[in-house]
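Enquirer: Sequence and predicted model, in that order:
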Amino acid sequence: MGTERILIIEDDQEIQEMLQYAFAREGWKLVPARTGEDGLKALQSKGADCIILDIMLPGMDGLKALKKIREEKKFQTLPVILCSARGEEADVVAGLELGADDYVVKPYSPRVLAARIRAALRRKETAESPDANKHFWQHGNLTVDVDKHTAFLGETPLDLSATEFAIFAQFMSHPDIVYSRQKLITAIRGTDYPVTDRSVDVQIMGLRKKLGEAGSMIETVRGVGYRFRIA
């Protein structure tokens, strides 16, 4: 890492300048955009390794921009970190449901945001590395191929968000293991990753729905968390 392109979609000029200075010390290249529409155009024309996306934007807001980003297959695993002054649980859950990888509440420290970006880039690098310890798993009519980033229910491809896919792969590779919500997030995101129990429950609920009848394989263990039961 060191020459990554960071697209920041933020209409506040002071924040843009603050992050440009902070990211320059990381060796990253900042691609600025002031609106959701301009951000999407910059993403298509210049690409990005990570996106910092403000929610409160003029015109198209950040959540609508995120939805459009995730609609394109080539951007479905691109790290996107939402930023907003709104830090209520409902706002965080809404962002994660749409496929955000992280959610940072304003005002934030540039050092904290840089740390979140580094973590997201490491996950992306690991996922794309040809030497990574990746596998293919199958249980019943469910399959997941981490190398190809594909998941199937029978012959039907599953349209999973990046977080849903990571949870699904974790369950498929470790069946019958009981995970607390924090243990599950630590397994897929690493330690010290801030998340609410409610946001984990939302991800599980979405994953169950997309698995159809097979969603019942994800069991709720009362007072503990979740287990992927195959027997």
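Expert: It's in.
Enquirer: tell me, what residue is most central in the chain?
Expert: Asp101 (2.3 Å; CA atoms, centre = their mean).
Enquirer: separation between that one and Arg5?
Expert: 16 Å (CB to CB, to the nearest Å). C-beta here means a position set from N, CA and C on the backbone, and glycine is covered the same way.
Enquirer: do the same with Thr196
Expert: For Thr196 relative to Arg5 (CB to CB), the value is 31 Å.
Enquirer: Mind jotting down where the strands sit in the protein?
Expert: Here the chain has its strands, by DSSP state E, at 5-9, 29-33, 50-54, 80-84, 102-105, 136-139, 142-145, 150-153, 156-157, 178-180, 218-221, 225-228.
Enquirer: tell me, which helix in the chain spans the most residues?
Expert: Secondary structure assigned by DSSP state H gives helix 110-128 as the longest helix of the chain.
Enquirer: Next, the angle strand 50-54 makes with that helix.
Expert: 140 degrees (axes from the mean of the first three to the mean of the last three CA atoms, to 10 degrees).
Enquirer: Give me the phi and psi for the residue nearest to the centre of the chain.
Expert: Main-chain dihedrals, Asp101, degrees, to the nearest 10: phi -90, psi -20.
Enquirer: Provide a list of residues in contact with it.
Expert: 79-81, 120, 123, 162-163 (CB atoms under 8 Å, 6 or more residues apart in numbering).
Enquirer: who wins for neighbours among those residues?
Expert: Val80 (27 neighbours; other CB atoms under 10 Å).
Enquirer: Relative to Leu66, how far out is the closest residue to it other than its chain neighbours?
Expert: Leaving aside its sequence neighbours, Val80 sits nearest to Ile51 (CB to CB, 6 or more residues apart in numbering; 4.6 Å). Using CB to CB, we find Ile51 at a distance of 9 Å from Leu66.
Enquirer: Same check on Gly36?
Expert: Per CB to CB, Gly36 is found 9 Å from Leu66.
Enquirer: Settle it for me: which of those two has more neighbours?
Expert: Taking neighbours as other CB under 10 Å, Gly36 and Leu66 compare with Gly36 leading, 25 against 22.
Enquirer: Touching, the more buried one and Lys64? I think so.
Expert: Yes - counting by CB atoms under 8 Å, Gly36 touches Lys64, with 6.4 Å between them.
Enquirer: Need the residues touching each of these two.
Expert: What both Gly36 and Lys64 touch, as defined by CB under 8 Å, 6+ apart, is an empty set.
Enquirer: Report the contact partners of Leu207.
Expert: 160, 164, 167-168, 215, 218 are the contacts of Leu207 under CB under 8 Å, 6+ apart.
Enquirer: which one of those is nearest Val93?
Expert: Nearest to Val93, judged by CB to CB, of those is Glu164 at 13.9 Å.
Enquirer: what about that closest one, neighbour count?
Expert: 22.
Enquirer: In terms of pLDDT, where does the closest residue to it other than its chain neighbours sit?
Expert: Closest residue in space to Glu164, ignoring its immediate chain neighbours: Leu207 at 4.8 Å, by CB to CB, 6+ apart. Note for Leu207: predicted pLDDT of 95.
Enquirer: swap in Val104?
Expert: For Val104, the predicted pLDDT is 88.
Enquirer: if I pick it, what's in contact with it?
Expert: Taking CB under 8 Å, 6+ apart as the test, what Val104 contacts is 81-83, 112-113, 116.
Enquirer: do Gly59 as well
Expert: 35-37 are the contacts of Gly59 under CB under 8 Å, 6+ apart.
Enquirer: Tell me the spacing between it and Val31.
Expert: 18 Å.
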